[in-house]
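Asks: what follows is a predicted protein model with its sequence.
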Amino acid sequence: MKREEIKFEVKKEIGILSTNRSGWNKEVNIVSWNDGTPKLEIRDWSPEREKVGKGVSLTGEEVAILKELLADYDPYEAEE
């Protein structure tokens with residue numbers, strides 16, 4: 001049984017959160033998988049984007065809720 005190839009298209013690059021020692025970037029992008037509805041994603045990508053790691057996909061509604069939840073978040077307060 002032949003596996004179907006997974007297609008993706010990065011519709012918009014938003015930014016890089018970090019880069020690890022092996023050169024992979026944790027990126028925030030708008031991505032469409034297999035011609036599906038584009039979603040905001042936070043995911044690890046290899047340097048040439050030939051491989052991807054596990055990530056989180058968010059719909060527009062989920063992004064709006066996350067923005068609201070993070071509005072009062074202080075990352076330095078969480079470290080105490």
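Replies: Now that the structure is in, tell me what you want to look at. Numbers count the residues shown, from 1 in each chain.

Asks: need phi/psi at residue 70.
Replies: phi -90, psi -10 (degrees, to the nearest 10).

Asks: which residues sit in contact with it?
Replies: Residues near residue 70 by Cβ atoms under 8 Å, 6 or more residues apart in numbering: none. (Each C-beta comes from the backbone N, C-alpha and C, glycine too.)

Asks: from residue 63, how far off is it?
Replies: 10 Å (Cβ to Cβ, to the nearest Å).

Asks: for residue 39, same thing?
Replies: Look at residue 39 and residue 63: by Cβ to Cβ, they are 9 Å apart.

Asks: those two: which is more packed in?
Replies: Per other Cβ atoms under 10 Å, whichever of residue 39 and residue 63 has more neighbours is residue 39, with 18 against 13.

Asks: leaving out the residues flanking it, which one is nearest to the more buried one?
Replies: Take residue 39 and drop its neighbours on the chain: the residue closest to it by Cβ to Cβ, 6 or more residues apart in numbering is residue 57, 4.4 Å away.

Asks: check which helices and strands the helix or strand where the one you found lies sits against.
Replies: In this structure, residue 57 sits in strand 52-58 according to DSSP states H and E. In terms of contacts (3 or more Cβ pairs under 8 Å, 6 or more residues apart in numbering; DSSP states H and E), strand 52-58 is packed against strand 39-45.

Asks: partner strands of the strand it packs on and their direction?
Replies: Paired neighbours of strand 39-45 in the sheet (DSSP bridges): strand 25-33 (antiparallel), strand 52-58 (antiparallel).

Asks: tell me the buried residues in it?
Replies: Using 16 or more other Cβ atoms under 10 Å as the test for burial, strand 39-45 gives 39, 40, 41, 43, 44, 45.

Asks: which residue packs closest to the fourth one, ignoring adjacent ones?
Replies: Going back to what we said before, that points to residue 43. Leaving out its chain neighbours, the residue that sits closest to residue 43 by Cβ to Cβ, 6+ apart is residue 55, at 2.7 Å.
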